[in-house]
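Visitor: predicted model and sequence follow; I will ask about them next.
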Amino acid sequence: LGPRIGEVRTMTWAFLVAAATMVVWGLVPIDLGLAFDVVNVAVMGFACGSSVLAFTLACSAVPATRPAAAVGMVNFAGIAAGAILQVVPGILVPSAEGGSLREQQEACFVFILAGLVSALAAWRIGRGTTSRRA
C-alpha cells in the first residue's frame with residue numbers, strides 16, 4: 001500500500017487501525033472465544049507491519065550516501081520502543097504472579113498509547129517532511 005497511496009498515509013491509517021484493535025482487545029469481554037482473539041490480533045499485527053515503511057521514509061530523508069545511518073536510527077528506535085513496551089506493562093501488573101488476564105489487559109493499555117503516538121508521528125511526518133517520496 002505504501003507505494004500506491006503513500007508511505008505516510010499508509011502508516012498513519014495502519015497505526016490508527018492497530019490502536020483500535022488494541023482498544024477492542026482491552027475492552028471487549030474475555031469470553032468471546034479464541035477465534036475472535038486470533039482475528040483481532042491478526043489485524044493488529046498486519047497493521048503494525050506498516051512500520052517497515054519507516055525505513056523507506058528515513059532513507060528518503062537523508063542524503064543518498066547515508067542510508068545506513070538512517071537504517072541504524074530506525075532499528076535503534078524500534079528496539080528501544082520494544083524494550084519500553086515490554087517493561088512498562090510488567091511494572092503495571094499489580095502482582096508478582098502476573099495477575100488475572102483482565103489485569104494484564106489493563107496494564108497493556110500502554111500499547112494503545114504507543115499506537116496513537118505512532119499514528120500522530122506518522123501524520124506529522126506527512127505535514128512537514130522534506131522527504132522526496134512521502
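Guide: Cool, the structure landed.

Visitor: helix or strand for A80, which one?
Guide: Element membership for A80, per DSSP states H and E: helix 67-92.

Visitor: no, scratch that, I was asking about L116
Guide: L116 belongs to helix 109-128 when assigned by DSSP H and E.

Visitor: which other helices and strands contact that helix?
Guide: Counting contacts by 3 or more CB pairs under 8 Å, 6 or more residues apart in numbering; DSSP states H and E, helix 109-128 is packed against helix 7-27, helix 67-92. For the C-beta atoms, the positions are set from N, CA and C on the backbone; glycine is no exception.

Visitor: okay, buried residues for the last one please.
Guide: Read it as helix 67-92. Under the neighbour-count criterion of 16 or more other CB atoms under 10 Å, helix 67-92 has 70, 74, 88-89 buried.

Visitor: hang on, the earlier thing: got a list of contacts for the helix holding L116?
Guide: Identification of contacts with helix 109-128 by CB atoms under 8 Å, 6 or more residues apart in numbering yields 6, 8-9, 11-13, 15-16, 18-19, 22-23, 26, 48, 51, 57, 81, 85, 88-89, 92, 131, 134.

Visitor: need the buried ones from those residues selected in ChimeraX.
Guide: A single ChimeraX command is used to select the members of the contacts of helix 109-128 judged buried by 16+ other CB under 10 Å:
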select :8,9,11,12,13,15,16,18,19,22,26,48,51,57,88,89,131,134
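
Visitor: give me the angle between the helix holding L116 and helix 67-92.
Guide: Computed by axes from the mean of the first three to the mean of the last three CA atoms, to 10 degrees, the angle separating helix 109-128 from helix 67-92 equals 150 degrees.

Visitor: using CSV, list the CA coordinates for helix 109-128.
Guide: Below are the C-alpha coordinates for helix 109-128, written out as CSV (Å, rounded to 0.1, in the frame of the first residue of the first chain):
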residue,chain,number,x,y,z
PHE,A,109,-3.2,-0.1,27.6
VAL,A,110,0.2,1.4,27.2
PHE,A,111,0.2,-0.3,23.7
ILE,A,112,-2.9,1.8,22.8
LEU,A,113,-1.0,4.9,23.7
ALA,A,114,2.0,3.8,21.7
GLY,A,115,-0.2,3.1,18.7
LEU,A,116,-1.8,6.6,18.9
VAL,A,117,1.6,8.2,19.3
SER,A,118,2.9,6.3,16.3
ALA,A,119,-0.1,7.5,14.2
LEU,A,120,0.5,11.0,15.3
ALA,A,121,4.2,10.8,14.5
ALA,A,122,3.4,9.4,11.0
TRP,A,123,0.8,12.2,10.4
ARG,A,124,3.3,14.8,11.5
ILE,A,125,5.9,13.4,9.1
GLY,A,126,3.4,13.9,6.3
ARG,A,127,2.7,17.5,7.3
GLY,A,128,6.3,18.8,7.5
